[in-house]
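> Dropping a prediction and its sequence here:
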Amino acid sequence: MSGVSSEIRLRLARAEDIPDLEKLIELSVRVLQRADYTEAQMEGAMGTVFGVDTQLIADGTYYVAVMQGGDGNEVLAGCGGWSKRKTLFGSDHGPNRTSELLNPAIEAAKIRAFFVHPDWARRGIGTLILNACELAARQAGFDRSEMGATLTGVPMYAARGYQEIEHIMVPLKNGELLPVVRMTKRFP
């Protein structure tokens, strides 16, 4: 947990977190991904590619990294999860959604929807969540995982053993295309 403040703890996301997750996701995208995507791409992806997937929350596979705020309430520093379902990426309103369960004997768990608050970027929050997701997926019987990574996330995932296997251009609601990278990792 090098680089992560002892103030941060992980817990499973709850339905009541959704409004705060929506704010965190939008802020994370607009600040941290602006070097990799145009304003039009980010705008077109908001709510479909970038957004809350309530299935992950309902399945108990979506984590939030929280800390205590000055007022005593929890503040979200980041979020991310894994899935035992076939959907590779996207929110509740994303393209190509399927709630069909994966077969852990032959399919990869999906690493999904990682976003970090800009004030907490590059402090190990993403790695903390990723480690928890990989452990949970292994405990559920999966021997590998895959994701549709944003261009912004590729370096972090590559540093943690993920290999690029495919570049995907996702059509967006405003006619733009969003490049994402399908990546995979076999668990040790």
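On my side now, so go ahead. Numbers count the residues shown, from 1 in each chain.

> Name the nearest residue to residue 87, ignoring sequence neighbours.
Spatial nearest neighbour of residue 87, excluding adjacent residues (C-beta to C-beta, 6 or more residues apart in numbering): residue 97 at 5.0 Å. Bear in mind the C-beta positions are built from the backbone N, C-alpha and C, glycine included.

> Need the pLDDT of that neighbour.
Looking at residue 97, its pLDDT stands at 79.

> my read: it touches residue 90, true?
Yes: between residue 97 and residue 90 there is a contact under C-beta atoms under 8 Å: 6.5 Å.

> more crowded one of the two?
The neighbour comparison of residue 97 against residue 90 (other C-beta atoms under 10 Å) goes to residue 90, with 22 against 17.

> separation between that one and residue 63?
Plainly put, residue 90 is 18 Å away from residue 63 if you go by C-beta to C-beta, to the nearest Å.

> One more: residue 114?
The spacing between residue 114 and residue 63, counted by C-beta to C-beta, is 10 Å.

> quick one: common contacting residues for the two?
79, 80, 129 (C-beta atoms under 8 Å, 6 or more residues apart in numbering).

> Now do the helices in the protein.
Listed in chain order, the helices of the chain (DSSP state H) span residues 18-32, 39-45, 54-59, 125-139, 154-159.

> nearest to residue 9, of the ones you listed?
Of all these, it is helix 125-139 that lies closest to residue 9, at 9.4 Å by C-beta to C-beta.

> what's around residue 81, how many residues?
So residue 81, with other C-beta under 10 Å, has 25 neighbours.

> Pull the contacting residues for the nearest residue to it once chain neighbours are set aside.
Distances taken as C-beta to C-beta, 6+ apart put residue 62 closest to residue 81, at 3.5 Å, once the chain neighbours are dropped. If you count contacts by C-beta under 8 Å, 6+ apart, residue 62 has them with 12, 13, 53, 56, 79, 80, 81, 112, 113.

> Can you list the low-confidence ranges for the chain?
For the chain, the stretches flagged by pLDDT under 70 are 1-6, 95.

> quick one on the thing from earlier: okay if I get the helices of the chain as TSV plus mean neighbour count and distance to residue 174?
Listed next are the helices of the chain as TSV, based on neighbours: other C-beta atoms under 10 Å; distance: least, C-beta to C-beta, whole Å:
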stretch	mean neighbour count	distance to residue 174
helix 18-32	17	15
helix 39-45	18	4
helix 54-59	18	24
helix 125-139	19	28
helix 154-159	15	23
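
> Any idea which of the ones you listed gets closest to residue 8?
Closest approach to residue 8 among the helices of the chain (C-beta to C-beta): helix 125-139, 6.8 Å.

> Need the CA coordinates for the closest one. PDB is fine.
Output of helix 125-139 as PDB, limited to C-alpha atoms (Å, rounded to 0.1, in the frame of the first residue of the first chain):
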ATOM      1  CA  ILE A 125      -5.700   4.500  -4.800                       C
ATOM      2  CA  GLY A 126      -6.100   2.700  -8.100                       C
ATOM      3  CA  THR A 127      -3.600   0.100  -7.200                       C
ATOM      4  CA  LEU A 128      -5.300  -0.400  -3.800                       C
ATOM      5  CA  ILE A 129      -8.700  -1.000  -5.500                       C
ATOM      6  CA  LEU A 130      -7.200  -3.100  -8.200                       C
ATOM      7  CA  ASN A 131      -5.500  -5.400  -5.700                       C
ATOM      8  CA  ALA A 132      -8.800  -5.900  -3.900                       C
ATOM      9  CA  CYS A 133     -10.600  -6.700  -7.200                       C
ATOM     10  CA  GLU A 134      -8.000  -9.200  -8.200                       C
ATOM     11  CA  LEU A 135      -8.100 -10.900  -4.900                       C
ATOM     12  CA  ALA A 136     -11.900 -11.100  -4.900                       C
ATOM     13  CA  ALA A 137     -12.000 -12.400  -8.500                       C
ATOM     14  CA  ARG A 138      -9.400 -15.100  -7.600                       C
ATOM     15  CA  GLN A 139     -11.500 -16.100  -4.600                       C
END
